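**Student:** The following comprises the amino acid sequence and a computationally predicted model.
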There are 2 protein chains.
Amino acid sequence: MTVFRALRVDLSSGKISEEIYGEQIVKKYIGGRGLGAYLALKEIPRGIDPLSPSNKLYIFAGPLSGTANLATSRINAVGKSPLTGSYTHSNAGGNFAYWLRRAGYDGIIVEGRAEEPVYILVKDGEVAIKSAKHIWGKWTGSATKALLQDAGLETDERKAGVMVIGPAGENLVKIAGLRFSDYERFAGRGGLGAVAGSKKLKGIVVWGTHDTMRDVVDRQKFLKVATEYSTKLLNASVSKALHQYGTNLLANIMNSIGGYPTRNFETGYFEETEKISGEYIKQHYVKEVHGCTLCPIQCTQMAVVPSGPYKVAGEKIKYEYEPTWSMGANLGLSQTEAVLKLEKLANELGIDVISLGNTLGTFIELVKRGKVEYDVDWGDGGALIDLTYKLAYREGIGDDLAEGDWRLANKYGAPDAFVGSRGQGFPAYDPRALKGFAISYVTANRGGDHLESYTPTWEVLGVPEKVDPLCDTPECISKQVSLVIYGQHLMALSDSVTFCKFDTLDKDGIFESHLADLFNAAFDWSVTAQDLLTTGERIFNVERLFHVKEGKWVRDELPPKMREPIKTGPAKGHTASKMFDEGIKEFYKARGWVDGKPTYETLKRLGLEEFQYLL
Amino acid sequence: MTVFRALRVDLSSGKISEEIYGEQIVKKYIGGRGLGAYLALKEIPRGIDPLSPSNKLYIFAGPLSGTANLATSRINAVGKSPLTGSYTHSNAGGNFAYWLRRAGYDGIIVEGRAEEPVYILVKDGEVAIKSAKHIWGKWTGSATKALLQDAGLETDERKAGVMVIGPAGENLVKIAGLRFSDYERFAGRGGLGAVAGSKKLKGIVVWGTHDTMRDVVDRQKFLKVATEYSTKLLNASVSKALHQYGTNLLANIMNSIGGYPTRNFETGYFEETEKISGEYIKQHYVKEVHGCTLCPIQCTQMAVVPSGPYKVAGEKIKYEYEPTWSMGANLGLSQTEAVLKLEKLANELGIDVISLGNTLGTFIELVKRGKVEYDVDWGDGGALIDLTYKLAYREGIGDDLAEGDWRLANKYGAPDAFVGSRGQGFPAYDPRALKGFAISYVTANRGGDHLESYTPTWEVLGVPEKVDPLCDTPECISKQVSLVIYGQHLMALSDSVTFCKFDTLDKDGIFESHLADLFNAAFDWSVTAQDLLTTGERIFNVERLFHVKEGKWVRDELPPKMREPIKTGPAKGHTASKMFDEGIKEFYKARGWVDGKPTYETLKRLGLEEFQYLL
């Protein structure tokens, strides 16, 4: 039997309480994103300001987090987003989930607002709200060290779990993220860093000696299954490629199919991709490969910029595909070292680097279109570094940038310069060239998101079957819709359990059946793969109900730029219009939704009758 | 008859009062630095923390500020320095003094500490303490605009006087300065920006329609004298050179005589001076020449860096000799654009750029000597920009840098890496090659200062007579001592009246007699040049008494590095030891001092008996 042990910390009153969610709730929502979404929907009052004390942060692991050598150490955050004004979730790797469970808990709920800066310390089951006055203002790297030191722990962040915010979160920058140990892991999207900032919560430190497998009924049986899947994962060709080059091996691949968004989605092909590609950076800048706790893949590439104007003094840069795109192609910037410097700066200042790229890209477009006056152009490394500082500190024009791309585009009278959905900018794949994303991005509950259903799994890797990313015949549309929905359920599962999405990419593995085997072995359950997919569907619907409750972002809308043909490259001439306009109808039908909203029958089928009052 | 109209603002209680200092006090201390020093000595309690509410800031103009077309618009600040822990004064050009007097006042005394960020508004005689909560955090340029806007004035900073602090002052950085309009004028030295920060004082806005010549008895007579001297000033060759190249014409001159301090005073000759010289920068980067209100010289060179990694987006940089040295030669940095970018950044973040160079130079020396670990070297533009941000925000190692060079060198066990006196670093002339500075720097009451007696006046310009800067024969020593003392009195006068020191450089002009003529014409006085020099001496002694009262920095000490021979260049082999060791004895004797302390007889001679209790 397994339960979910949550710690509830009210920073207004200082009250700390423990809550146990029983096995029925765990079976229904698992943990992580699923349970976070469920509680957020039930608890966060409708219409509140996301930066008010009434908002809540759900920092949740799951029932199998940190148990097996199988990419099981991700951490999930849920709350009401100051960027989008409605539901968001965000997820990071590292070691926090592992140490949270070793500290004796599965999740932490933070509510209220402290008078003065604080951090939460969970040390082997003991919980305290401690002053972080002396740490407020620090950037994320030094704040991590300072919190560990203050907590009386070793300052080596591999040896405890730490969450922090940087100046961006403190300054209520709406694209601020949560940084997790170890190193530079970010639950970036949705601006939850600003929610922590509004609560005067500088961070959370978790450490302990509890057993992460405390609820596992038959340890031998569980480890046998886990080891089998762990070995498969280790040997999967995609795992090996990720270990070799990291996520940024995607740069050349996406550019070669014309789906690498360039200059705020002006086109899908960046002429200078070579210099910011995974292969090039590996050869010239990567000095170390690293990974999350208990992960056999170890995909984290740590780069250096040892000299020159973009020098990153004495520190490595955890560099990835998305940030390299967002600071590179999306800003028309191909100077490798400037791109790496910007990635580091975003991490240190505590900014979601994808939304940073969306915001700076939108800003440059506004400048080029004469909507706002500022001396900046595509590829303008020096000016972009300044703007990043200004954004984090809300200095001058940075005060507008800190509001994020959607508000920025609207403020300066060009809403179409914003390329995203539900108020959040699109990431590093052009949905006109990888058309599955036309459905996946737009229907994503947190908005503008590639991780609620990752279409390159089938559009590039051919898992579970190959779909031509450019095809938008009725047949392809149907196929894409059903795969996107399937993916949405898979991802809801992986974010809830909380496993890495790289567990879902293997040609020979079926994630949901592996997961069923693991659950059954661990907890003596008898769930089927199909049961789990239904759980994923339940979670996805619960998230949508948050928007229904808020009366916000219920309908799914394709941004105008995606209806304009791609200007250059292999996908030249393509738009996302047909895929989206036809696909969304099929999507709603397949989901049992009307106009973006679940019907009563759907809620009933998913066991969500308690929320029928929202319809 | 003239009086001094001071506004006293107690930020703790919100009490605002007006104080009139009568003509006798004005004759005795004039205004500006003199009256500031006198009140500071009387009012600031002994032993207080400079960052406590008990400290006071004296922002003073003088009786002739803003009256005539004769470089008369400087503003002076006095207080207890958080950098040195004792008396300091600092002075800036621009238009603040002019607008302060037009607003109806000659000076503002700020004391106490506000609960929340505020600014002081003096608008045509009406005075208010207003919230600056929404402006706190802003950099100096945008804070200036924001204050003007909040005050309901035009945001063109030429049309009102504004003082602001930047993030450095807010973060209590001990080398933070006060920025004055217009543009980027700094009372930098001594850390008074942190004093304002400690009082939660973001700035002061002054504007009005009062007459700056309200106390002038015979306007025609006064203007006749003023115009005569103004014409002389305009036509002086040094004025023309300053107009043409700005203060940085000194770079090549000082380097050519081996007195251009390089790499934290390792030597006095910088091999790459060309690239940071006034001539080179004028040709390649200067786009505009500008000046203070009512000044015929107009020496302010406004440079641009329009592109590249060190781009300064859309703004001009007020660039000068001292900052170009401190960010250039003193850090071994010859990339012109990096130097200009650093100057701009220091101004925007609100840091005294001389002490910034001292601090970064000391830091690099500590790193090179293995006293502290950090990845930075001489000339390391990219890393130095990062360190400047970190210093302003007290981030990571920046928390140590924010304490300034003296504390930094001591903390890391190498006090001799600090090159300065009274806790403040030396500026852009090597006193081993311009030996007059061995006396002038060290005896300067605010510590490490070239502006309390400017020896290049005679060592380079030959005013009032030429002295070989390298000579340290007994005759030269005597000559230097007497000229340094003369200069100290002249500078005390110019800072008090408040005129620009460029009024004192003219070969054909004798400042003290001009000043006597102006006073006599304006106020129907009958002072002589000698009377005024005695006033200068009185001021200098009052300042010294502050140290006597604090029991701090009374003795004058040459830093150890100045006893080591210069390693390269035209002054190779020279030290400052002989000039200082012999000179200081003569200096004390000539002043009527014993061990750095005025005797009773000296106080009596200067009419300072009221302070005899301090002896």
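**Tutor:** Looks like it came in fine.
**Student:** give the contact list for residue A:475.
**Tutor:** For residue A:475, no contacting residues are found, by Cβ atoms under 8 Å, 6 or more residues apart in numbering or on different chains. Yep, even glycine has a C-beta here, placed from its N, CA and C like the rest.
**Student:** Buried residues, the strand or helix carrying it. List them.
**Tutor:** Assigned by DSSP states H and E, residue A:475 belongs to helix A:474-497. By 16 or more other Cβ atoms under 10 Å in any protein chain shown, the buried positions in helix A:474-497 come out as A:476-477, A:479-481, A:483-497.
**Student:** Please report phi then psi for the residue nearest to residue A:120 when sequence neighbours are not counted.
**Tutor:** Of all residues beyond its chain neighbours, the one nearest residue A:120 is residue A:204 (4.6 Å), with distances taken as Cβ to Cβ, 6 or more residues apart in numbering or on different chains. For residue A:204, the backbone dihedrals (degrees, to the nearest 10) come out as phi -140, psi 130.
**Student:** What's the separation between residue A:204 and residue A:161?
**Tutor:** Using Cβ to Cβ, to the nearest Å, one gets 8 Å for the distance from residue A:204 to residue A:161.
**Student:** So these two - more neighbours on which side?
**Tutor:** Shown here are residue A:204 and residue A:161; by other Cβ atoms under 10 Å in any protein chain shown, residue A:161 has more neighbours (30 against 26).
**Student:** ok, and the closest non-adjacent residue to the more buried one?
**Tutor:** That would be residue A:99: by Cβ to Cβ, 6+ apart, it lies 3.1 Å from residue A:161.
**Student:** for the one you found, phi and psi?
**Tutor:** The phi/psi pair for residue A:99 (degrees, to the nearest 10) is phi -70, psi -30.
**Student:** how much space between it and residue A:58?
**Tutor:** To residue A:58, residue A:99 is 17 Å away according to Cβ to Cβ.
**Student:** And for residue A:253?
**Tutor:** To residue A:58, residue A:253 is 35 Å away according to Cβ to Cβ.
**Student:** Likewise for residue A:446?
**Tutor:** From residue A:446 over to residue A:58 the distance is 14 Å, taken as Cβ to Cβ.
**Student:** Just give the nearest non-adjacent residue to residue A:272, would you?
**Tutor:** Leaving aside its chain neighbours, residue A:272 sits nearest to residue A:334 (3.4 Å; criterion: Cβ to Cβ, 6+ apart).
**Student:** neighbours of that neighbour, just the number please.
**Tutor:** Burial measure for residue A:334: 19 neighbouring residues, criterion other Cβ under 10 Å.
**Student:** Could you confirm it falls within a strand?
**Tutor:** No - counting by DSSP: H, G, I helix; E, B strand; the rest coil, one finds residue A:334 to be coil, located in no strand.
**Student:** need the contact list for it.
**Tutor:** By Cβ under 8 Å, 6+ apart, the neighbours of residue A:334 are A:270, A:272, A:273, A:275, A:276, A:328, A:379.
**Student:** what's the answer for residue A:210, then?
**Tutor:** Counting by Cβ under 8 Å, 6+ apart, residue A:210 makes contact with A:101, A:102, A:103, A:104, A:124, A:125.
**Student:** Keep only those of these that are in helices.
**Tutor:** Among these, the members falling in helices (DSSP state H) are A:101, A:102.
**Student:** Make JSON lines from the contacts of residue A:210 and add neighbour count and distance to chain B to it.
**Tutor:** Listed next are the contacts of residue A:210 as JSON lines, based on neighbours: other Cβ atoms under 10 Å in any protein chain shown; distance: Cβ to the nearest Cβ, whole Å:
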{"residue": "A:101", "neighbour count": "30", "distance to chain B": "31"}
{"residue": "A:102", "neighbour count": "22", "distance to chain B": "28"}
{"residue": "A:103", "neighbour count": "26", "distance to chain B": "27"}
{"residue": "A:104", "neighbour count": "21", "distance to chain B": "32"}
{"residue": "A:124", "neighbour count": "12", "distance to chain B": "29"}
{"residue": "A:125", "neighbour count": "13", "distance to chain B": "32"}
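**Student:** pLDDT-wise, what's the bottom of the contacts of residue A:210?
**Tutor:** By pLDDT, residue A:125 ranks lowest within the contacts of residue A:210, coming in at 79.
**Student:** what helix or strand is the residue nearest to residue A:189 when sequence neighbours are not counted on?
**Tutor:** Of all residues not flanking residue A:189 in the chain, residue A:90 sits nearest, at 4.8 Å (Cβ to Cβ, 6+ apart). Here residue A:90, judged by DSSP H and E, is contained in strand A:87-92.
**Student:** How about residue A:251?
**Tutor:** Using DSSP H and E, residue A:251 falls within helix A:250-256.
**Student:** what helices or strands is whichever helix or strand comes after that helix leaning on?
**Tutor:** The helix or strand immediately downstream of helix A:250-256 is helix A:278-284, counting by DSSP H and E. Counting contacts by 3 or more Cβ pairs under 8 Å, 6 or more residues apart in numbering or on different chains; DSSP states H and E, helix A:278-284 packs against helix A:237-245, helix A:250-256, strand A:300-303, helix A:336-349.
**Student:** returning to what we had before: from the contacts of residue A:334, which is closest to chain B?
**Tutor:** Nearest to chain B among those, counting by Cβ to the nearest Cβ, is residue A:379 at 10.3 Å.
**Student:** and that closest one, what does it touch?
**Tutor:** Residues near residue A:379 by Cβ under 8 Å, 6+ apart: A:331, A:332, A:333, A:334, A:335.
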